[in-house]
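A.B. asks: kindly return the folded structure for what I paste below:
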Amino acid sequence: MENKKNEIKIKKLPYVSVENPATIKVFTSQNGIIEVESVKNKPFALNRFIRLNKYEYIDKETGEIQKYKKTETRNQSPNELRKTFKNLRRTINSNFTGADSEKHITLTFSTQSIDPKSVHTEFKRWWRTMKKLFPTLEYICILEPNSIQGNWHLHILVKSMNNESLDISQELLNKTWRHGFSKVTNIENVDNIRYVFLC
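C.D. replies: Okay, the predicted model is just below:
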């Protein structure tokens, strides 16, 4: 089944049976993506540990209160990184459908020496300007270095929360972003927007 305006696609997947799952979660998004997640065995942490706050948990068997151990870099915890990308993908697919009220913006820095903290500061300064021009605008942003030169660039999905058509022109971006290259594109004919964003 295909609708040219919304590009709805239905794909038949192989039949999968999960016998006696401990938990099943179903995630649906505005653009028709349905994701089913099943866990065969109840996670060990659910049986023994109770989260108290973002810093501490209690071990039910010993009664001890423990502190969460924080990894120094994302490379030390690939599982946490996978969870982050999974949650980001679900957030994108639940909030962006390729409507006229949405845009994909890329902002780059022309210098290599700028540090991530300065990148954040400059982005926030740019964002304050955009909020003055478009008060109902909200965003999801990813910061990454260019694979060749190492210059930082930002991938930003923006959305007008009142669902009105969003008129962000290339001319406006050139005026508001003066640190390097900028580009604005429409999100069109995409049934899984994460592939546009997480490229």
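
A.B. asks: any buried residues in stretch 94-105, and which?
C.D. replies: Asn95, Phe96, Thr97, Gly98, Ala99, Ser101, Glu102, Lys103, His104, Ile105 (16 or more other C-beta atoms under 10 Å). C-betas here are computed from N, CA, C, even on glycine.

A.B. asks: show me what contacts the fifth one?
C.D. replies: Read that as Ala99. Residues in contact with Ala99, defined by C-beta atoms under 8 Å, 6 or more residues apart in numbering, are Asn163, Ile187.

A.B. asks: my guess is it is in a helix, correct?
C.D. replies: No - checked against DSSP: H, G, I helix; E, B strand; the rest coil, Ala99 lies outside a helix; its state is coil.

A.B. asks: torsion angles phi and psi at it?
C.D. replies: phi -80, psi 170 (degrees, to the nearest 10).

A.B. asks: ok, back up a step: export the buried residues of stretch 94-105 as JSON lines, with columns for pLDDT and distance to Trp126.
C.D. replies: Shown next, in JSON lines, are the buried residues of stretch 94-105 (pLDDT from 0 to 100; distance: C-beta to C-beta, whole Å):
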{"residue": "Asn95", "pLDDT": "82", "distance to Trp126": "21"}
{"residue": "Phe96", "pLDDT": "84", "distance to Trp126": "20"}
{"residue": "Thr97", "pLDDT": "82", "distance to Trp126": "25"}
{"residue": "Gly98", "pLDDT": "82", "distance to Trp126": "24"}
{"residue": "Ala99", "pLDDT": "86", "distance to Trp126": "23"}
{"residue": "Ser101", "pLDDT": "92", "distance to Trp126": "20"}
{"residue": "Glu102", "pLDDT": "93", "distance to Trp126": "18"}
{"residue": "Lys103", "pLDDT": "93", "distance to Trp126": "14"}
{"residue": "His104", "pLDDT": "93", "distance to Trp126": "16"}
{"residue": "Ile105", "pLDDT": "94", "distance to Trp126": "10"}
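
A.B. asks: between the residues you listed, which is nearest Glu188?
C.D. replies: Gly98 (5.8 Å; C-beta to C-beta).

A.B. asks: what sits closest to that closest one if chain neighbours are left out?
C.D. replies: Ile187 (4.3 Å; C-beta to C-beta, 6 or more residues apart in numbering).
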